[in-house]
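Trainee: coordinates only, no sequence provided:
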């Protein structure tokens with residue numbers, strides 16, 4: 001009887017002890033990473049004129065929003081902002097562009113000045129993977 005109570009207490013404490021540590025998001029494949037293929041870090045682009053941004057991804061596939069398939073996700077382009085919390089849905093606004101149809105490039109235009117671009121992969125529900133799959137943050141100068 002005492003062994004049964006001890007085992008139950010051990011299981012309960014292990015469950016309660018890790019409940020607060022759980023992170024949302026679909027598991028990411030080992031070594032997966034995103035990158036911006038164009039423009040390059042430090043590149044000058046024309047201000048207020050559309051330019052192409054293309055997205056790269058390694059060790060993972062691209063799938064549209066709502067398609068739950070292992071080792072896939074879709075791109076989000078972060079403009080002039082930091083990575084959002086990894087356990088929440090990625091915002092959708094002028095700084096967080098969603099590519100839920102599975103796009104791998106886009107055209108954007110920026111006002112004059114220095115800007116940052118970064119990619120973040122989201123799962124079928126726009127939540128970052130666990131661990132998050134993102135690119136290096138690059139800087140572009142719009143003149």
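Mentor: In hand now; what should we look at? None of these values were measured; they are calculated from a predicted model.
Trainee: give me the buried positions along the longest strand along the chain.
Mentor: Looking only at the chain and at elements set by DSSP state E, the strand with the highest residue count is strand 113-122. By 16 or more other Cβ atoms under 10 Å, the buried positions in strand 113-122 come out as 115, 117-122. The way it works is simple: take the backbone N, C-alpha and C, and place the C-beta from them, glycine included.
Trainee: which residues touch stretch 93-110?
Mentor: 45, 47-55, 57, 62-66, 74-81, 84, 90, 92, 122, 126, 140, 142 (Cβ atoms under 8 Å, 6 or more residues apart in numbering).
Trainee: for it, buried residues please.
Mentor: Buried residues in stretch 93-110, counted by 16+ other Cβ under 10 Å: 96-100, 103, 110.
Trainee: show me the contacts of stretch 93-110 that map onto helices.
Mentor: The members of the contacts of stretch 93-110 all map outside helices under DSSP state H.
Trainee: will you turn the buried residues of strand 113-122 into CSV that also has distance to residue 132?
Mentor: Compiled in CSV, the buried residues of strand 113-122 are given as follows (distance: Cβ to Cβ, whole Å):
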residue, distance to residue 132
115, 22
117, 16
118, 11
119, 11
120, 7
121, 8
122, 9
